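>>> build me a model:
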Amino acid sequence: ELKLLKKLEKQRMGELAEKQAEQAREEEQKEDRGRHHTLSVALPGSILNNAQSPELRTYLAGQIARACAIFCVDEIVVFDEYGEDTNVEGEFEGIGKKGKACVQLARILQYLECPQYLRKSFFPKHGDLQFAGLLNPLDSPHHMRMDEDSEYREGVVLDRPSKPGKGSFVNCGMRKEVQIDRQLQPGLRVTVRLQEPQNPEAKVRKGIVVSSHHPRTVSGLYWGYSVRLASCLSAVFSECPFKEGYDLSIGTSERGSSVDQVTLPSFRHALVVFGGLQGLEAGVDADANLDVTDPSLLFDFYLNTCPSQGSRTIRTEVGQVCLASPGTSTSGAFHTCSIQPRAGLCLAAAWDKLSSKLSLGNSAVSGGE
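All right, here's what the predicted structure looks like:
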């Protein structure tokens, strides 16, 4: 009987230890559910010049925005592949024809990324946005419905007085306004972490202002992309918003190595650069800050995302077939893609091919921003 009791006690202790280990694993997974790496895409604004009408230019920008949102791109860099104009003589006549495409593309990308209930606060009427209302919404996680329950929300600080010692009021697209934990300048866009309502009958909700990266790094949520303008190709790298810069850079070209033959390393901040109508070579030739003539020297990897395409180029409308094509390889790569990814879902096809590689190569990365 004593042996039986010892056996039962040993079994009970083993079950208890196993249960504690399982709880520890669950807590560890819960604490480390954030995503600490970032993915950036750079492309020239001149791709809009290939569209024949304002409607098509807008539609093209919308395709790029949706492709980047689908593949969880954190930063979009729009660069001027013709290089920065350093001439200061004569009368200034505005940004000129070549710069308008970059500005228009960036403006439409920002408009689509912004939650619908905030657009009136940040985007007055503008010619570049004339047809933006016809575009399909991104429907990203931070684009909330009015009654949708979420831990985080995007909002705009209201010009409304508050009591001394109390924080500002924020419109977060809910039926009730949110009072945050600090006083901020009206008109600012903020990311708010909502607190659980202690009194359902209260007129306002309570929340805490957090970094726009907080939903990604803490909760693992995709929280939209930022948009950055670069005056030339070299500025894509030199004006990087991350202190340590991009530790993985990838250029795309038909002259590059096959993406299927490359194993990408782990990274913290990855950058994928697409060329314009003339490829990355045009951006390198026009950039006075670059001493190289071979674009492959600028990147860690210079890849051909589709070494066996059957067309010299693929236009945007045909690029939809690239995205919808059921013929994919084991790495989730499309069989059709543009030699020089002109825009839209051609970029999506190339990015899909790279995204699986990036995810696999970065599965072990952890740490802070």
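
>>> could you tell me the model confidence score at residue 148?
Here the pLDDT value assigned to residue 148 is 89.

>>> now the longest strand seen in the chain: buried residues?
If you go by DSSP state E, the chain has its longest strand at strand 248-258. Of the residues in strand 248-258, those with enough neighbours to count as buried (16 or more other CB atoms under 10 Å) are 248-254, 256. Any C-beta I mention is one placed from the backbone N, CA and C, and that applies to glycine too.

>>> again with stretch 195-215
Buried residues in stretch 195-215, counting neighbours by 16+ other CB under 10 Å, are found at 205-207, 209-210, 213-215.

>>> now do it, average pLDDT.
Per-residue pLDDT values across stretch 195-215 average out to 89.

>>> ok, residues contacting it?
Contacts of stretch 195-215 with the rest of the structure, by CB atoms under 8 Å, 6 or more residues apart in numbering, involve 141-142, 151-153, 169-170, 172, 174, 176-182, 184, 190-194, 221, 223, 226, 369.

>>> swap in 6 Å and give it another go.
Stretch 195-215 is touched from outside by 152, 176-181, 190-194, 221, 223, 369, with contacts defined as CB atoms under 6 Å, 6 or more residues apart in numbering.

>>> now intersect those with the strands, please.
Secondary-structure check on the contacts of stretch 195-215 using DSSP E: residues within strands are 152, 178-179, 190-194.

>>> assign a three-state SS to residue 271, would you?
Here residue 271 is recorded as strand under DSSP: H, G, I helix; E, B strand; the rest coil.

>>> neighbour-wise, which one of the ones in strands among the contacts of stretch 195-215 leads?
Of all these, residue 178 has the most neighbours under the rule other CB atoms under 10 Å, reaching 25 neighbours.

>>> that residue bridge partners, please.
Beta-bridge pairing for residue 178 (DSSP bridges): residue 170, residue 205.

>>> touching, it and residue 170? I think so.
Yes. Using CB atoms under 6 Å as the test, residue 178 is close enough to residue 170 to be in contact (4.7 Å).

>>> quick check: neighbours shared by the two?
Common neighbours of residue 178 and residue 170 (CB under 6 Å, 6+ apart) are residue 192.

>>> apart from its neighbours in sequence, what residue is nearest residue 188?
For residue 188, the nearest residue in space outside its immediate sequence neighbours is residue 157; the separation is 4.7 Å by CB to CB, 6 or more residues apart in numbering.

>>> dihedrals phi and psi, that neighbour?
According to degrees, to the nearest 10, the main-chain angles of residue 157 amount to phi -70, psi 130.

>>> in which helix or strand does residue 236 reside?
Using DSSP states H and E, residue 236 sits within helix 233-238.

>>> in that helix, what's buried?
Within helix 233-238, the residues that qualify as buried by neighbour count (16+ other CB under 10 Å) are 233-237.

>>> let me have those in a markdown table, extended by pLDDT.
Converted to a markdown table, these look like this (pLDDT from 0 to 100):
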| residue | pLDDT |
| --- | --- |
| 233 | 92 |
| 234 | 92 |
| 235 | 92 |
| 236 | 94 |
| 237 | 94 |
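
>>> which of those residues lies closest to residue 126?
The shortest approach to residue 126 among the buried residues of helix 233-238 belongs to residue 235, at 24.6 Å (CB to CB).

>>> just the pLDDT at the closest residue in space to the closest one that isn't next to it in sequence, thanks.
Excluding the flanking residues, the one nearest residue 235 by CB to CB, 6+ apart is residue 79, at 6.6 Å. With respect to pLDDT, residue 79 has a value of 93.

>>> I figured residue 79 hits residue 234, correct?
No. Assessed by CB under 6 Å, residue 79 is found out of contact with residue 234, at 9.0 Å.

>>> any stretches of the chain with poor pLDDT?
In the predicted model, the chain carries pLDDT under 70 at residues 1, 24-32, 83-99, 313-369.

>>> quick check: domain ranges of it?
As recorded under automatic domain parsing, the domains making up the chain are 38-85+95-138+224-361, 152-216.

>>> out of the ones in strands among the contacts of stretch 195-215, which comes closest to residue 75?
Sorting the ones in strands among the contacts of stretch 195-215 by how near they are to residue 75, with CB to CB, puts residue 191 at the top with 16.1 Å.

>>> residues contacting the closest one?
When contacts are counted by CB under 6 Å, 6+ apart, residue 191 is found next to 154, 210, 212.

>>> which of the buried residues of strand 248-258 sit farthest apart?
Across the buried residues of strand 248-258, no pair lies farther apart than 248 and 254, at 21.2 Å, counting by CB to CB.

>>> related to what we said a few turns ago, export only the CA atoms of the helix holding residue 236, formatted as CSV.
Below are the C-alpha coordinates for helix 233-238, written out as CSV (Å, rounded to 0.1, in the frame of the first residue of the first chain):
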residue,chain,number,x,y,z
LEU,A,233,17.6,56.2,-55.3
SER,A,234,20.5,56.8,-52.8
ALA,A,235,18.2,58.7,-50.5
VAL,A,236,16.1,55.5,-50.1
PHE,A,237,19.1,54.2,-48.0
SER,A,238,20.6,57.4,-46.5
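
>>> ok, residues contacting it?
The set of residues external to helix 233-238 that reach it, using CB under 6 Å, 6+ apart, is 42, 77, 79, 230, 283, 287, 289-290.
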